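Novice: Return a 3D structure for these sequence lines:
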Amino acid sequence: MGKINVFNFITLNGFYKGPNEDISWHRHGGEENQYSEENANSGSTLLFGRITYEMMASFWPSPQAMREFRKVAEGMNDSPKIVFSKTLKKAAWQNTRILSRDIVKEIKKIKEESDIQMTILGSGSIVTLFAENGLIDDYQFMVDPVAIGNGTPVFNGMKNKLDLKLVDSQTFKSGVILLNYKPI
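Specialist: Residues are numbered from 1 along each chain as shown. Okay, here's the model as predicted:
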């Protein structure tokens, strides 16, 4: 059976992005970059909502990404990707397919019929939707030691309680903490 993992960096007060999609508050130190490099080549299929997809697709194939984060860029570009969108008609980023119909039903089917590993990056509305439907197997949050005035909470609009159990943690020299949770 397939599995879905969430990987998001968040502020101390639970935002995964600030106003206007701002993520400049996230600390990209050496240890965090090394962690990203190790995970970029995991073979996981990357899952995105349209907004996150467009942001990622505008950066990772760029010469700047290749200069600054070569290993991560190669992993991101080579990975299979699924973008969930009712408005996007074409996905130009290599190895991307679009799912636009009942995405909960489609992802349940993928999980049941394969052993594919999938990772949601950003995409808070997808995280919330899949969490409420019991589709997420693991949650990884890279918590930055920063609070911002406002933004979008990682579980924005969540209707049901989500109980999680901490299964692992890692502290980086920058003060960033990686927390790994599983649903109870």
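
Novice: In terms of helix, strand or coil, where does the closest residue to residue 178 other than its chain neighbours fall?
Specialist: Residue nearest to residue 178 in three dimensions, not counting chain neighbours: residue 170, with 4.3 Å by Cβ to Cβ, 6 or more residues apart in numbering. In short, each C-beta sits where N, CA and C put it, glycine included. Secondary structure for residue 170, judged by DSSP: H, G, I helix; E, B strand; the rest coil, is strand.

Novice: ok, now which ones touch residue 170?
Specialist: By Cβ atoms under 8 Å, 6 or more residues apart in numbering, residue 170 lies in contact with 35, 177, 178.

Novice: Please list only the buried members of those.
Specialist: Neighbour counting with 16 or more other Cβ atoms under 10 Å marks 35, 178 as buried within these.

Novice: For the spatially most central residue of the chain, what are phi and psi?
Specialist: Against the mean C-alpha coordinate of the chain, by Cα atoms, centre = their mean, the closest residue is residue 121 at 1.2 Å. Phi and psi for residue 121, reported as degrees, to the nearest 10, are phi -110, psi 130.

Novice: partners of it in the sheet?
Specialist: residue 7 (DSSP bridges).

Novice: residues touching it, list them.
Specialist: Neighbour list for residue 121: 7, 8, 46, 47, 48, 52, 56 [criterion: Cβ under 8 Å, 6+ apart].

Novice: Redo those residues as TSV? Include secondary structure.
Specialist: Formatted as TSV, the contacts of residue 121 follow (three-state DSSP):
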residue	secondary structure
7	strand
8	strand
46	strand
47	strand
48	strand
52	helix
56	helix
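
Novice: how about those residues in CSV, adding neighbour count, pLDDT and distance to residue 104?
Specialist: Shown next, in CSV, are those (neighbours: other Cβ atoms under 10 Å; pLDDT from 0 to 100; distance: Cβ to Cβ, whole Å):
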residue, neighbour count, pLDDT, distance to residue 104
7, 19, 93, 20
8, 19, 93, 19
46, 25, 95, 18
47, 28, 95, 12
48, 25, 94, 16
52, 24, 90, 18
56, 21, 92, 22
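
Novice: Sounds good, over and out.
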